[in-house]
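# okay, predicted coordinates and the sequence, questions at the end:
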Amino acid sequence: MQQAAHASASGAPEGAALVRVSGLEKVYATRDKGNVHALNDINLDVAQCEFVTIVGPSGCGKSTLLQVLAGLLDKTAGRVELAGSPVDGPTRDLGLVFQAPVLLPWRKVIDNVMVPAIIQKLDLDAARERARDLLRMVGLAGFEDRYPGELSGGMQQRVGICRALVHKPAFLLMDEPFGALDAMTRETMNLELMRIWKDQQATIMLVTHSIPEAVFLAERVVVMTPRPGRIAEIIEVDLPRPRHVEMFNTPEFGRYVQAIRRHFDTQMELD
């Protein structure tokens, strides 16, 4: 499986990068005064409106990478840029979606979606209108005044995605957003996310332990090595869009899956 013919040195398609990661290192200090080298020499560009997925073995630093990109963790060395500006802390230009929706149970759905707008002191009338539009887009019109406990897991995750998009972030980071869902709901959410990506012209980076999911969603799949996490390969997925679940059974889809699996021996688990 060959990579894109027109890729830059860091693997991104030609053209201006929205996100640029150069020589990124992350080392954790341990209680016994030792060090854990989590990330080593990560170099990656992400183009505007691109969908990138990340796979790798357990403990390879995938989630650490997302947290550094989000400005939630300090980097040890290297540089992270978003739209040409360094990322040295949390920024309103990012949206975050985690495995658990982490909704506030005492707030109604619409009020949960509004949280970033309130924190960032945006125009609340405009933000509420956008929140309603987002909920309508993900099929939750009529659920604005429900509480999270009245929703299914898939519906809660949709609310979490709406919350991450309400302030119109330049870059959406997603860490195992569908890992806790059943297989059928997960397929539905994959299709929903691709529709959101297209409709919102979003730039998305998603971590997943599922190789088929990584291939199905992405334009490029970043394959990471065991700790210290490095980029082993960046694979361009040249499958037509819109994509549909029947693709999982095609020989071409299977070749992409196998190209990624060859990086991991049978005893290595993906996280």
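Looks like it arrived, so ask away. Residues are numbered from 1 along each chain as shown.
# can you show me the strands along the stretch 101-250 of the chain?
171-175, 204-207, 220-224, 231-236 (DSSP state E, counting those that start in this stretch).
# just send those back as CSV, with mean pLDDT, distance to Gly149 and mean neighbour count too.
Placement of C-beta: from N, CA and C, glycine included. Compiled in CSV, these are given as follows (pLDDT from 0 to 100; distance: least, Cβ to Cβ, whole Å; neighbours: other Cβ atoms under 10 Å):
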stretch, mean pLDDT, distance to Gly149, mean neighbour count
strand 171-175, 93, 23, 23
strand 204-207, 95, 27, 24
strand 220-224, 96, 36, 23
strand 231-236, 96, 41, 19
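# okay if I get those strands as a markdown table plus distance to Leu72?
Converted to a markdown table, the strands of the stretch 101-250 of the chain look like this (distance: least, Cβ to Cβ, whole Å):
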| stretch | distance to Leu72 |
| --- | --- |
| strand 171-175 | 10 |
| strand 204-207 | 14 |
| strand 220-224 | 19 |
| strand 231-236 | 21 |
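# so which of those gets nearest Gly61?
Of all the strands of the stretch 101-250 of the chain, it is strand 220-224 that lies closest to Gly61, at 6.8 Å by Cβ to Cβ.
# how close does the residue lying closest to Glu213 once chain neighbours are set aside get to Ile235?
Closest residue to Glu213 apart from its sequence neighbours, by Cβ to Cβ, 6 or more residues apart in numbering: Asn190 at 6.4 Å. Distance of Asn190 to Ile235, given as Cβ to Cβ, to the nearest Å: 18 Å.
# dead centre of the chain: give me the residue that sits there.
Leu206 (2.3 Å; Cα atoms, centre = their mean).
# ok, it touching Glu50?
No: taking contacts as Cβ atoms under 8 Å, Leu206 lies outside contact range of Glu50: 11.4 Å.
# next secondary structure element downstream of the strand or helix carrying Ala38?
Secondary structure from DSSP states H and E places Ala38 in strand 35-47. Once the chain leaves strand 35-47, the next helix or strand it forms, by DSSP H and E, is strand 51-55.
# quick one, that next one and strand 35-47 angle?
Inter-element angle recorded for strand 51-55 and strand 35-47: 160 degrees (by axes from the mean of the first three to the mean of the last three Cα atoms, to 10 degrees).
# output the contacting helices and strands for strand 51-55.
With contacts taken as 3 or more Cβ pairs under 8 Å, 6 or more residues apart in numbering; DSSP states H and E, strand 51-55 sits against helix 62-69, strand 204-207, helix 211-217, strand 220-224.
# I figured Pro169 hits Pro90, correct?
No: contact criterion Cβ under 8 Å: Pro169 and Pro90 do not qualify, at 11.6 Å.
# ok, the two, which is more surrounded?
Shown here are Pro169 and Pro90; by other Cβ atoms under 10 Å, Pro169 has more neighbours (20 against 11).
# which residue is the nearest non-sequential neighbour of the more buried one?
Closest residue to Pro169 apart from its sequence neighbours, by Cβ to Cβ, 6+ apart: Gly95 at 3.7 Å.
# tell me the secondary structure at that neighbour.
Under DSSP: H, G, I helix; E, B strand; the rest coil, Gly95 falls in the strand class.
# tell me the contacts of it?
Contacts for Gly95 (Cβ atoms under 8 Å, 6 or more residues apart in numbering) come out as 116, 164-165, 167, 169, 171-173.
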